[in-house]
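*Asks:* need a 3D model of the sequence below.
(chains A and B)
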Amino acid sequence: GIQVEQSPPDLILQEGANSTLRCNFSDSVNNLQWFHQNPWGQLINLFYIPSGTKQNGRLSATTVATERYSLLYISSSQTTDSGVYFCAVYSGTYKYIFGTGTRLKVLA
Amino acid sequence: ETGVTQTPRHLVMGMTNKKSLKCEQHLGHNAMYWYKQSAKKPLELMFVYSLEERVENNSVPSRFSPECPNSSHLFLHLHTLQPEDSALYLCASSQDDGGGFSNEQFFGPGTRLTVL
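*Replies:* Numbering: from 1, shown residues only, chains lettered A, B, ... in the order given. Down below sits the predicted model:
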């Protein structure tokens, strides 16, 4: 099956810093999502991005499907950005496969 | 109510108990999912229902029994669980195009289950 790898596994930032999170996948996919899981466990949709680039405030994402990776950019990080960031790829027939996540901590 | 809701939010049960988790989606979607998230592990897909039919059962033990009475409601019936079943159980929904292609998934807040 498709393998999904995220890097880095852990990241500590000072408030105001920028960061890039990466998601690599081993085969072609139909679509890709980025999620933020808050400390209470809720998964919040960030981007639905099978290809191309999208921006939402301080966050943006780029998926290069032909090269099998996606990037999530966080600019001017805030303490509320802390949590775990997951990418999930859709491989077909109802199967979403999640990466192992990047655990982000933003220090005040 | 909007989005995807789950009840209860927390559940503690003994190994001999029977309990049920409930999920309701208010998005008009036609596919619903159960996921399990154990500590420090990625989300694992358990069950998928599309148009109220189970289309995926990801080798889940029979002590977990799903039920989808209509496209808005999904249950997970639990019986004789083991301590290693303690985890966060997440429900999600999406719009399926009828040919197995699923669009954006939306998640509920989860039920944190502890099995003693």
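
*Asks:* tell me, what residue is most central in chain B?
*Replies:* residue B:34 (2.6 Å; C-alpha atoms, centre = their mean).

*Asks:* work out for me the element that one sits within.
*Replies:* strand B:31-37 (DSSP states H and E).

*Asks:* is chain A within reach of that strand?
*Replies:* Yes - using C-beta under 8 Å from any C-beta of the partner chain, strand B:31-37 comes into contact with chain A via B:31, B:33, B:37. In short, each C-beta sits where N, CA and C put it, glycine included.

*Asks:* ok, of the residues you listed, which come out buried?
*Replies:* Listed as buried from those are B:31, B:33, B:37; burial here means 16 or more other C-beta atoms under 10 Å in any protein chain shown.

*Asks:* which of the residues you listed scores worst on pLDDT?
*Replies:* Minimum pLDDT for these is recorded at residue B:31 (91).

*Asks:* leaving aside the residues adjacent along the chain, what's closest to that one?
*Replies:* Spatial nearest neighbour of residue B:31, excluding adjacent residues (C-beta to C-beta, 6 or more residues apart in numbering or on different chains): residue B:96 at 4.1 Å.

*Asks:* just confirm that neighbour contacts residue A:94, I think it does.
*Replies:* Yes - with contact defined as C-beta atoms under 8 Å, residue B:96 reaches residue A:94; the gap is 7.4 Å.

*Asks:* nearest to residue B:46 among the residues of strand B:31-37 next to chain A?
*Replies:* Taking C-beta to C-beta as the measure, residue B:46 lies nearest residue B:33 of the residues of strand B:31-37 next to chain A, at 7.8 Å.

*Asks:* just the CA atoms of the helix-or-strand element of chain B with minimal mean pLDDT, as CSV, please.
*Replies:* Scoring the helices and strands of chain B by mean pLDDT, DSSP states H and E places strand B:53-57 at the bottom, with a mean of 78. Only the C-alpha atoms of strand B:53-57 are listed here, as CSV (Å, rounded to 0.1, in the frame of the first residue of the first chain):
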residue,chain,number,x,y,z
GLU,B,53,-23.6,0.1,3.1
ARG,B,54,-20.4,-1.1,4.7
VAL,B,55,-17.7,-0.9,2.0
GLU,B,56,-14.6,-1.3,4.1
ASN,B,57,-13.8,-3.4,7.2
